[in-house]
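Asker: fold the following for me, if possible:
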Amino acid sequence: MIKSLAIILALVFTAPNSVYEFKLKTIDGKNFNLAAYKGKKLLIVNTASKCGFTPQYAELQKLSDQYKDKVVVIGFPANNFGGQEPGANPAIKEFCQKNYGVTFPLSEKISVKGDDISPLFKYLTTTENPDFTGDIQWNFEKFLIDENGKLIHRYRSSVKPLSTEITSQL
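Answerer: The predicted structure follows:
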């Protein structure tokens, strides 16, 4: 009995092996699974509409258009820094489309740090990579995931989406 319980607990509390294990919701409230993107790189970005880095939406869209055969950009709106994403999902979507022509996938608004951190971002901020681990410091941090769902690089907010730091990895 105790051995069975230990096996069940191990299965329940086993850390994810890749981002493909995460199921999320789109900004429209529809279910989506990151496993749908197997075979492509992902650039996962925590975003906000009222931030000094918000103009990066334009470069994210351009990156998405230019490298669509190699990478999928996914934005994750979050209100964790300075109240810079106060709107609800419909307002965020409208803002992104109207001001930056965003067509890449956006998730529903989530939390990227603190007690209510999204499980995906908990995984991303604690997974070993050649750059650094730990809490996200501000909006527009970027996580580059390889074709197998593994985190390969992490970039701070100041690294622009079309920088050679990112594009050389695609």
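Asker: part of a strand, is L43?
Answerer: Yes. The assignment for L43 (DSSP: H, G, I helix; E, B strand; the rest coil) places it in a strand.
Asker: so who does the closest residue to it other than its chain neighbours touch?
Answerer: Closest residue to L43 apart from its sequence neighbours, by C-beta to C-beta, 6 or more residues apart in numbering: V73 at 4.8 Å. For glycine as for every other residue, the C-beta is placed from the backbone atoms N, C-alpha and C. Contacts for V73 were tallied using C-beta atoms under 8 Å, 6 or more residues apart in numbering; they are 42-43, 45, 60-61, 63-64, 104-105, 161.
Asker: out of the residues you listed, who's nearest I117?
Answerer: Minimum distance to I117 across these is 15.9 Å, recorded for V45 (C-beta to C-beta).
Asker: please name the nearest non-neighbouring residue to the closest one.
Answerer: The nearest residue in space to V45 (C-beta to C-beta, 6+ apart) is K142, at 5.0 Å.
Asker: thought the one you found was touching T167?
Answerer: No. Between K142 and T167 there is no contact under C-beta atoms under 8 Å: 12.0 Å.
Asker: who has more neighbours out of these two?
Answerer: Taking neighbours as other C-beta atoms under 10 Å, K142 and T167 compare with K142 leading, 22 against 15.
Asker: and the residue nearest to V45, its phi and psi?
Answerer: Dihedral angles of K142 (phi, psi; degrees, to the nearest 10) stand at phi -130, psi 140.
Asker: repeat for Y100
Answerer: Reported as degrees, to the nearest 10, the phi and psi values for Y100 are phi -130, psi 0.
Asker: count of residues packed around the closest residue to it other than its chain neighbours?
Answerer: In this structure, Y100 finds its nearest non-sequential neighbour in Y57, 3.8 Å apart by C-beta to C-beta, 6+ apart. Counted with other C-beta under 10 Å, the neighbours of Y57 add up to 25.
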